[in-house]
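Novice: Predicted model and sequence below, questions to follow.
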Amino acid sequence: MTPQLTVMATDTGGVNGVALTVLIVLFLLVTVAGFMASRFKRAESMESLEEWGLGGRTFGTWITWFLLGGDLYTAYTFVAVPAAMFATGAVAGFFAVPYTIVLYPIIFIFMARLWSVSHRHGYVTTADFVRGRYDDRGLSLAVAVTGFVATMPYIALQLVGIQAVLEVAGLGGGDNILAKDAPLFIAFAVLAAYTYSSGLRAPAVIAFVKDILIYLVIIVAIVYLPGKVGGWEAIFGAAQDKMTAANPADGKPNGAFLPGVGQGWAYATLALGSAMALFMYPHSVTASLSSNSRNTIRRNAAILPAYSFVLGLLALLGWVAIAAGTQPIGLDGKPNAQLVIPQLFEDMFPSWFAGVAFAAIAIGALVPAAIMSIAAANTFSRNIYKEWIKPDATSAQEAKVSKLMSLLVKAFALVFVLSLDKQNAINFQLLGGIWILQTFPAVVFSLFTRWFHRYGLLLGWAVGMVYGTVQAWQVANPRAGINHFGGSLDPIPAIGDLGYIAMTAFVLNVVVAAIVSAVLHALKVSNGNDETIAFDYFADADDPRVQKDLAEHGSHDEPYGDPDDIPGNAPAR
């Protein structure tokens, strides 16, 4: 580490003025865009979840592509994936690339069906769908609460991404909490204001700026940086040397250059489990349901892998940082791998381009944070407030509660980040991934069949949640001094190799759900009423029969019209 870097890492007065100015200018640009977004595909009224929370379900292929890209590839992705590559290697970092590749065939299969049935019935959340499919408030509440709670630390991690940028830029020092965290307070206030006024249209507009910046920064970095550090041979050599070297704490290798013996299950289950879990999060569903047709979803499943290519390049920047000798030291003087990419850009690029990179990360936090807070708020408003607290709530009241809840959700995330150690945010996000995967059977299986009994699905969910939470609690990370929630890997029962806890919990979930369902069906226990029909799962917005229903009824409240007019009108099974 050069003397200059030492000053910038430890001296609270070492502000990178040029980079900070570029960051502020671009941040102001997207702030203006966020407030003006309410005019984008403007509706007569924003006083409904359809308009405020789903953008009127009017987004076409390209808007949806940018929105989903901005939603799924977050600032924390920009920070954490290369940080994991830098710190521990391929198993913890590069699994994200096959995970996003596996993801899109999965959503191609089921997300179009969810879009169709949601469009037909006005569903805003997956819990809405489960409620309609089984007429069961308990199972719907389980799905809603899981999604709401799992989203909270995810939002907090976006603020961690902004903090990382501000820290490398030289802000955040001092003992006065107001001065120390003032930039984060300002970013929070701006985000809260334009999300409240513009709803989902705000991140939809800002996503254009965010994605263009990220593509620009990563492509320039991957072309420019290797030549500065000796080429790819030197990069991979430096990474291999670091990962295979013994760690002084325990004598074991620092990480994995390539997944080795006994690491295959960890790599594979992390990739598959993460892929299955991602579109169970409320923010992923919200971004998908905002599209204007089921074919928009399918087209996006085909073109979104372009982001995976960029993600692969981004992940490799963690190893570029090893070859460059990057020293990610926080303002507290301690090593912090989460700072490695901002620090790499500040070390290797002119200040103005470092500012562009910082802006890409910061704006990359605003888009998913906005969508996540909206999705969590929609879930609370529709599936907790209206379902359990005020069943006669009007659309306007639902929207008002959702707007207020979106502010509270962001405030909680801010308090979370400011009051707890950052490692806790990471641990809780890992736990959130374990939890959210347990809603997969109730949502995805139910899009294709009602063989699973509602009580079986609920009991399977409970078993998966308890097992996953207990196992994650018992995971320790001695190197980091963490006794609980130290990671997401644990030995797989009957196999013995390390695997993703969420996948083991998911298998238990499905087994319990299947056994209980078979018993309850044999006992002829009612599986509730299904308000959906087969046609609902294939209908598109421009289907003449759908248009006829909307013309006759004026809403999604009575979506069928005359059942004799709709072929395949038997309840879906």
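Specialist: Good, I have the coordinates.
Novice: unless I'm mixing things up, residue 100 is touching residue 312, no?
Specialist: No. Using CB atoms under 8 Å, residue 100 is not in contact with residue 312, being 9.1 Å away. In this view, the C-beta of every residue, glycine as well, is placed from N, C-alpha and C.
Novice: What sits closest to residue 346 if chain neighbours are left out?
Specialist: residue 354 (4.7 Å; CB to CB, 6 or more residues apart in numbering).
Novice: Surely that neighbour is within a strand?
Specialist: No. Residue 354 sits outside any strand when classified using DSSP: H, G, I helix; E, B strand; the rest coil, being helix.
Novice: ok, residue 100 and residue 312, which is more surrounded?
Specialist: When neighbours are counted by other CB atoms under 10 Å, residue 100 and residue 312 differ, and residue 100 comes out ahead with 23 against 18.
Novice: The residue nearest to residue 346: how many residues sit nearby?
Specialist: Counted with other CB under 10 Å, residue 354 comes out at 27.
Novice: That one reaches residue 343, doesn't it?
Specialist: No. Residue 354 is beyond contact range of residue 343, at 9.7 Å (criterion: CB under 8 Å).
Novice: middle-most residue in the protein, spatially?
Specialist: Centre of the chain computed as the mean C-alpha position; nearest residue by CA atoms, centre = their mean is residue 72, 5.2 Å away.
Novice: gap between stretch 432-440 and the chain center?
Specialist: How far stretch 432-440 lies from its chain's middle: 12 Å, per CA atoms, centre = their mean, to the nearest Å.
Novice: before we move on, what about stretch 136-152?
Specialist: Distance of stretch 136-152 from the chain centroid (CA atoms, centre = their mean) equals 16 Å.
Novice: Using CSV, write down the CA coordinates of it.
Specialist: Taking C-alpha atoms only, stretch 136-152 is exported to CSV below (Å, rounded to 0.1, in the frame of the first residue of the first chain):
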residue,chain,number,x,y,z
ASP,A,136,-56.4,-20.2,3.0
ARG,A,137,-55.5,-17.1,5.0
GLY,A,138,-52.9,-19.0,7.1
LEU,A,139,-50.8,-20.2,4.1
SER,A,140,-51.1,-16.8,2.4
LEU,A,141,-49.9,-15.1,5.6
ALA,A,142,-46.9,-17.4,5.9
VAL,A,143,-45.9,-16.6,2.3
ALA,A,144,-46.5,-12.8,2.9
VAL,A,145,-44.6,-12.6,6.2
THR,A,146,-41.7,-14.7,4.8
GLY,A,147,-41.3,-12.4,1.8
PHE,A,148,-41.6,-9.2,3.9
VAL,A,149,-39.1,-10.2,6.5
ALA,A,150,-36.6,-11.7,4.0
THR,A,151,-36.6,-8.4,2.1
MET,A,152,-35.6,-6.2,5.0
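Novice: ok, and for it, which residues are buried?
Specialist: Buried residues in stretch 136-152, counting neighbours by 16 or more other CB atoms under 10 Å, are found at 136, 139-152.
Novice: Just the residues contacting that stretch, thanks.
Specialist: 125-128, 130-131, 134, 280-283, 372, 375-376, 379-380, 383-384, 387-388, 409, 412-413, 416, 428, 432-433, 435-436, 438-439, 442-443, 454, 457-458, 461-462, 465, 528 (CB atoms under 8 Å, 6 or more residues apart in numbering).
Novice: which stretches of the protein have low pLDDT?
Specialist: Across the chain, the ranges flagged by pLDDT under 70 are 1-14, 38-45, 171-181, 261, 331-332, 420-427, 478-481, 541-573.
Novice: hey, which helix is longest across it?
Specialist: Looking across the chain with DSSP state H, the single longest helix is helix 137-169.
Novice: how about the following helix or strand past that helix: buried residues?
Specialist: Downstream of helix 137-169, the first helix or strand assigned by DSSP states H and E is helix 177-198. For helix 177-198, the neighbour count (16+ other CB under 10 Å) marks 180-181, 183-184, 187-188, 190-192, 194-198 as buried.
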